[in-house]
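Chemist: got a predicted structure plus its sequence, pasted below:
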Amino acid sequence: MTSPGQDDAAQAERGSGAEAEGERYDPRELERRWQLIWEAEGTWEVSNPGAPEFDASKPKNYVLEMLPYPSGEPHVGHLKTYSVGDAIAHFRRRRGFNVVHPMGYDAFGLPAENNAIKTGEHPREATEKSIAVFREQFKRWGISLDWTRELGTHEPAYYRWTQWIFLKLFEKGLAYREEAPVQWCPVDATVLANEQVIDGHCERCGSLVEQRRLEQWFFRITDYADRLLADFDLLESWPENVITMQRNWIGRSEGAEVVFRQDDLDLGFTVFTTRPDTLFGATFFVMAPEHPDVLRLAEGTEHEQAVRDYVNEAARTSTEDRASEERQKTGVPLGREVTNPVNGERIPMFVADYVLMEYGTGAIMAVPAHDQRDFEFAKAFELPVRYVVVPAAIYDGAGGDPAKAAETAREAAEGAAFVEHSDDERLIDSGEFDGLNSPEAIERITAWLGERDLGEAAVNYRLRDWLVSRQRYWGAPIPIVYCDQCGIVPVPTDQLPVLLPEIEDYAPSGRSPLAAAEDWVSTECPNCGGSARRETDTMDTFVDSSWYFLRYLDPRNDEQAWGRDAVEYWMPVDQYIGGVEHAILHLMYARFFCKALSDIGVLDAQEPFTNLFAQGMITRDGAKMSKSKGNTVSPAEIVDRVGADAARTYICFMGPPVKGGDWNDQGVEGVHHFLARLWRLSREVDERTEPGAGPGGAPEHGPARDLLAKAHWAIDKVTRDIEPRFQFNTAIAAVMELVNEIYRLKDELYGDPAGDAAVRFATCTAASLIFPFAPHLGSDVYELLNGERVWEQPWPEADPGLLASDTFPLVVQVNGKLRDRVEAGSGASEQELLELARASDRVRAHIDGKQVVKEIVVPGKLVNLVVR
RNA sequence: GCCGGAGUGCUCAAACUGGUAAAGAGGAUCGACUCAAAAUCGAUUGUCCUUCGGGACUUGUGGGUUCGACUCCCACCUCCGGCACCA
């Protein structure tokens, strides 16, 4: 079937009646032909403001898909991303926009480097081989890209500017070097950003990460936490779940910082709490095992050894085990006490691993009555549980008796913490704050603390600064030099790029492979000229992809990262398309970059992507595709077999692109079948009808009118489905319906001038409408029947006169049940519709002998008679 | 546990603002063409009952609002995604 023998092909041609001799739908040849034309003519190239060919009369539109990481060959996910993006790009071009649609490669990264360790092949060579495969595939898919803007993030001409941005951030104090506890992946032998650790495992390779204390480079993304949250308002259309994911990741919480005095060491320990209203319920105090003061506190107490053991044990326990749900709370007393600032009460201190050093201050006040975790700890260590906030009903019921209220609350809580938090609760056992509701109490207690310098209102974030150092080879070198005299010295921008040196051994050793390139490492201090050493870490590859959309706009600029005019004209990206797996990492980093670069004054775009489309994942046999499962689908193979048009159209047809879908080989065949059907139809129409005989006014009635009406219905439907709905599946179904209708009516229309014109018009329209999904076939059919290039034609507009018809099928219901459909005039009055409805025999059978108690008329739609 | 999203024929799905449930595709069955098969063109295809005119039922389950509910409300079940000792 896929590669027919000669006999089969010959017989198929003979058997194909009216079709031209010796021809059949051959996507390979047809697609090649159009690709050569587009390539030779640079059809999808678009120039920047200032260029002679630049067309200033059109509004701009930046359509962008997430750039691929080039490894092996593109997979079905890529096919989907670029099929969806290309449909949008085509549609908008024909709607009169000046569309830029570029492509590049996220070319630095670990897979190529790991391959180098295994085979000795330079990562650059492996990467460029993959890039060649990707480029060749994208061309075979017929994606309408401006290839003059192509870039790879591994090219010195690109990473030179990545380094430049690093230096700009450094200058502004947004890039800094600091020793901190960091996450280390033992398999990839590098540190990772928080975002790249999932449940204590390396996001890339899945191995368990370790904590280490290292000096590393960070970007100060936490400075932007509030703006990253607030500027969601600047976005036009982002999926709600992506916004929610980022919001959760940033994890802003409001509360207070409260200082607890420790007299023995004469220290104050600050804690962060979101519930200052529960301060009077704090019955103990807990510190994280990593807290720097823990050992000092335990020193000299009877618990010293136990604390030491506990801290060591905690260090050995993986983050994953520590976070495990069903684990019992563990901890050790410190043998010290702190003073609760609101009531002067001295409460015992503990060290326990349920308190995390990474969040807040690494120490907490424990309020077991109102926090589930503290409650569990209190149970295990038999510590007092004091209820200080109770529901208003209990408070009122106790008639102002705090002991009674607390007792009732304890019973109501049934052995758990009471954690509600509304203005329908009252404070008890809280001194002068008794009786206040909880939001009010938060305000008053925070103010009370502030007046006495014991605390203040505070905001805390889950978000950490972005750790960008990587102890690996295949990335952009961090452009910094360490001088014995001058310390940390940035490489002057006129000395960029700091080129990645050639090395022999890529194997990770715990320090960057670059450290072995002695000639490269030892250098002159740009400041004092003395001997200095280069930074040997490279940058996280997410840095590369945080600004590539800017470089596309001015990709060959040797003077600057981008020209202001180009970026001002094209930015922001009007439609960004990609997988939801980048919801946090890439999308948040790119947002941060735009804000930081705008603050630095080199950009004027607070948000990079105004509209985001997150496509669903394609599965196979219900499972995520993976090489290990052996359930992958190779786009190259599909394209070889049925053509790029069929592959692309099928992917858009399998369901709404936002949703995922299960790959089905028979489904692709079905779409291929449809495209072949349209192709055959076009050859027949070309033989049987004359070109140029335009409709010249549609006939009032009859099949020619019906067919024209169907064509205009399809125009309307496809247009509305593509934008703003991105419901490509129903758009394609509408074109299928149109083609089916042509097949149904063509034989009775041939020969009649109005009929011929209608068939030709309808077939051209089908080609025009399928073009965003199947650009090769769309171009081919359109050219055959019309002589024109479809991409140069404006997107068709539905004629309202043909969308409306003078009659419609009136639905008649009795008691809400469908009983008949009768032909009614579009202009008929309610009275006339009712009469028509009652005139129906089938309706009469259901209303005779009964009383009509209500008549509902929806003009243009239905009549419902309610009988008793 | 918390926050999202989704449950519709044999399968993928459609139904946009509360108004004909199942468009389109796949699969299956039948017919035309053929010596035959493939390809192609066409017909049928939610379930049950039927005196063949029709009738009853049907969108995860149970209830509600309405002349009318896949659509709105309440409760529950299942699946998918995200977050999760975040103080």
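Modeler: Noted; the coordinates are in hand. Numbers count the residues shown, from 1 in each chain, chains lettered A, B, ... in the order given.

Chemist: next SSE downstream of the least confident helix or strand in chain A by mean pLDDT?
Modeler: When the helices and strands of chain A are compared on mean pLDDT, DSSP states H and E, helix A:6-14 comes out lowest with a mean of 37. Going down the chain from helix A:6-14, the next helix or strand is helix A:27-41, by DSSP states H and E.

Chemist: do that following helix and RNA strand B meet?
Modeler: No. Using C-beta under 7 Å from any atom of the strand, we find that helix A:27-41 stays clear of RNA strand B, coming within 13.6 Å at best. For every residue, glycine as well, the C-beta is placed using N, CA and C.

Chemist: average pLDDT across the helix or strand that comes right after that helix?
Modeler: Downstream of helix A:27-41, the next assigned helix or strand under DSSP H and E is strand A:60-65. With pLDDT averaged residue by residue, strand A:60-65 scores 97.

Chemist: quick one: contacts of strand A:60-65?
Modeler: Identification of contacts with strand A:60-65 by C-beta atoms under 8 Å, 6 or more residues apart in numbering yields A:81-82, A:84-85, A:88-89, A:92, A:97-102, A:549, A:552, A:569-578, A:609.

Chemist: so how far is A:Asn48 from whichever residue of the stretch 401-550 of chain A sits closest to RNA strand B?
Modeler: Per C-beta to the nearest atom of the strand, A:Arg462 is where the stretch 401-550 of chain A lies closest to RNA strand B, at 3.6 Å. A:Arg462 sits 41 Å away from A:Asn48 when distances are taken as C-beta to C-beta, to the nearest Å.

Chemist: how about A:Val388?
Modeler: From A:Val388 to A:Asn48 the distance is 65 Å (C-beta to C-beta).

Chemist: same check, this time on A:Leu229
Modeler: 34 Å.

Chemist: tell me which residues form a beta bridge with A:Val197?
Modeler: A:Cys202 (DSSP bridges).

Chemist: and it, what pLDDT?
Modeler: pLDDT at A:Val197 comes out at 84.

Chemist: next up, the contacts around it.
Modeler: A:Val197 neighbours (C-beta under 8 Å, 6+ apart): A:Gln183, A:Glu203, A:Val209.

Chemist: the residue of the stretch 401-550 of chain A closest to RNA strand B in helix, strand or coil?
Modeler: With DSSP: H, G, I helix; E, B strand; the rest coil as the basis, the three-state label of A:Arg462 is coil.

Chemist: state the phi and psi torsions of it.
Modeler: phi -80, psi -30 (degrees, to the nearest 10).

Chemist: that one contacts A:Phe272, doesn't it?
Modeler: No. Counting by C-beta atoms under 8 Å, no contact exists between A:Arg462 and A:Phe272, whose distance comes to 11.7 Å.

Chemist: spit out the contact partners of the residue in the stretch 651-800 of chain A that RNA strand B sits nearest to.
Modeler: Per C-beta to the nearest atom of the strand, A:Gly670 is where the stretch 651-800 of chain A lies closest to RNA strand B, at 2.6 Å. With contacts defined as C-beta under 8 Å, 6+ apart, A:Gly670 is in contact with A:Tyr650.

Chemist: tell me the pLDDT at it?
Modeler: Looking at A:Gly670, its pLDDT stands at 94.

Chemist: how far away is it from A:Lys80?
Modeler: Relative to A:Lys80, and taking C-beta to C-beta, A:Gly670 is found at 18 Å.

Chemist: if we can go back for a sec, more neighbours: which of A:Val388 and A:Asn48?
Modeler: Ranked by neighbour count (other C-beta atoms under 10 Å), A:Val388 and A:Asn48 place A:Val388 first, with 27 against 17.

Chemist: in stretch A:283-300, which residues are buried?
Modeler: Across stretch A:283-300, burial judged by 16 or more other C-beta atoms under 10 Å covers A:Thr283, A:Phe284, A:Phe285, A:Val286, A:Met287, A:Ala288, A:Pro289, A:Glu290, A:His291, A:Val294, A:Leu297, A:Ala298.

Chemist: tell me what the second one is bridged to.
Modeler: As for beta bridges, A:Phe284 partners with A:Ala366 under DSSP bridges.

Chemist: just the pLDDT for it.
Modeler: Per-residue confidence at A:Phe284 stands at 96 (pLDDT).

Chemist: that one and A:Glu382 touch, don't they?
Modeler: No. Using C-beta under 8 Å, A:Phe284 is not in contact with A:Glu382; the gap is 11.0 Å.

Chemist: for the residue of the stretch 651-800 of chain A closest to RNA strand B, grab phi and psi.
Modeler: phi -60, psi -40.

Chemist: what about it, distance to A:Glu31?
Modeler: A:Gly670 is 19 Å from A:Glu31, by C-beta to C-beta.

Chemist: kindly report the same for A:Leu612.
Modeler: Counting by C-beta to C-beta - A:Leu612 and A:Glu31 are separated by 30 Å.

Chemist: and if you look at A:Val822?
Modeler: 49 Å.

Chemist: higher neighbour count, the two?
Modeler: A:Glu31 (24 against 18).

Chemist: if I pick the nearest residue to that one once chain neighbours are set aside, what's in contact with it?
Modeler: Once flanking residues are discounted, A:Glu31 sits nearest to A:His776: 4.3 Å by C-beta to C-beta, 6 or more residues apart in numbering. By C-beta under 8 Å, 6+ apart, the residues touching A:His776 are A:Pro27, A:Leu30, A:Glu31, A:Arg33, A:Trp34, A:Gln35, A:Gly142, A:Gly643, A:Ala644, A:Asp645.

Chemist: quick check: PyMOL command selecting the buried ones in the residues you listed.
Modeler: Burial among the contacts of A:His776 is assessed by 16+ other C-beta under 10 Å; the matching PyMOL selection reads:
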select buried, chain A and resi 27+30+31+34+35+142+643+644+645
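
Chemist: list just the nearest of the contacts of A:His776 to A:Lys329.
Modeler: A:Ala644 (58.8 Å; C-beta to C-beta).

Chemist: phi and psi next, for that closest one.
Modeler: The phi/psi pair for A:Ala644 (degrees, to the nearest 10) is phi -70, psi -40.

Chemist: and the gap between the closest residue to it other than its chain neighbours and A:Glu128?
Modeler: Counting by C-beta to C-beta, 6+ apart, A:Trp141 is the residue found nearest to A:Ala644 once chain neighbours are left out, at 4.7 Å. As judged by C-beta to C-beta, A:Trp141 and A:Glu128 stand 20 Å apart.
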